[in-house]
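J.: Only the shape, not the letters, is given here:
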């Protein structure tokens, strides 16, 4: 399984970080790659409840991702199903292209250690490619596999 | 082999440091002989060959024979989509989690202020 893993220490209690993961106000303020609030966020934070977040990237394109809360365990764990509904990469907009995002929260002296694991499920990524050359991307990838805690 | 199974095997192959090191060396060279590849590793030739088997079975490298020398080179393009996926999602989450930290830390300060 292909996974993007991120570890980040946050100077806030797990309960506060947890609320930022499951409230519309929280999610809208941080979800997305650009330094501006999401366009909209609707959230139904209970198991099998849905979420929908729209945001804009710097190139002006709008993106939407949707999914459901699969597990909610305050204040230690949130698991989401995740799907690009619009504006995602073409190979990921197909109807059943669902991946899984897990947030783990652990209390530490200075606040919270957040571990984020975004897993592509089987079949999500096409391993086909006709382009030649790996370029510098391989080095970056190898580095990712070597890193234990990339963001500490 | 199914595409997705192959992708799983690529990532499993990369979890080994010797194989990562082999790929990293091959990336900088058009091709290397097996003996040159094996030289820096403190392991037997059969052990090195086993790692090369893993890498060529999933199509990350290819071998060719010229006289007595077996040459090894990277199979172009074989990992692009896996790398694209990882990079795209890492970029997305790295930026998002930075902002999550700022948001939660502001909330923490707010609640500390109220407590006093």
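T.: Structure received. Remember, predicted model here, so these are calculated numbers, not experimental data. Residues are numbered from 1 along each chain as shown, chains lettered A, B, ... in the order given.
J.: what's the burial count for residue B:22?
T.: Residues lying near residue B:22 (other C-beta atoms under 10 Å in any protein chain shown) number 25. Where you see a C-beta, it was placed from the backbone N, CA and C, and this is true even at glycine.
J.: same check, this time on the one 5 residues further on
T.: Burial of residue B:27, expressed as a neighbour count using other C-beta under 10 Å, amounts to 16.
J.: for residue B:29, same thing?
T.: Counted with other C-beta under 10 Å, residue B:29 comes out at 12.
J.: Residue B:8 too?
T.: Other residues lying near residue B:8 total 18 when counted by other C-beta under 10 Å.
J.: Now do it, the pLDDT please.
T.: pLDDT for residue B:8: 71.
J.: Per-residue pLDDT of residue 32, please?
T.: Went with chain A since none was named. Looking at residue A:32, its pLDDT stands at 80.
J.: oops, I was thinking of chain B
T.: At residue B:32, pLDDT is 92.
J.: who's in contact with it?
T.: Listed by C-beta atoms under 8 Å, 6 or more residues apart in numbering or on different chains, the contact partners of residue B:32 are B:25-26, B:71-73.
J.: correct me, but residue B:99 touches residue A:26?
T.: No - the pair residue B:99 / residue A:26 is not scored as a contact, 10.6 Å apart, by C-beta atoms under 8 Å.
J.: More neighbours: which of these two?
T.: residue A:26 (22 against 19).
J.: Name the nearest residue to the more buried one, sequence neighbours excluded.
T.: residue A:20 (3.6 Å; C-beta to C-beta, 6 or more residues apart in numbering or on different chains).
J.: The one you found: neighbour count?
T.: 24.
J.: in the helix or strand hosting residue A:3, what's buried?
T.: Assigned by DSSP states H and E, residue A:3 belongs to strand A:2-10. Within strand A:2-10, the residues scored as buried using 16 or more other C-beta atoms under 10 Å in any protein chain shown are A:2, A:4-10.
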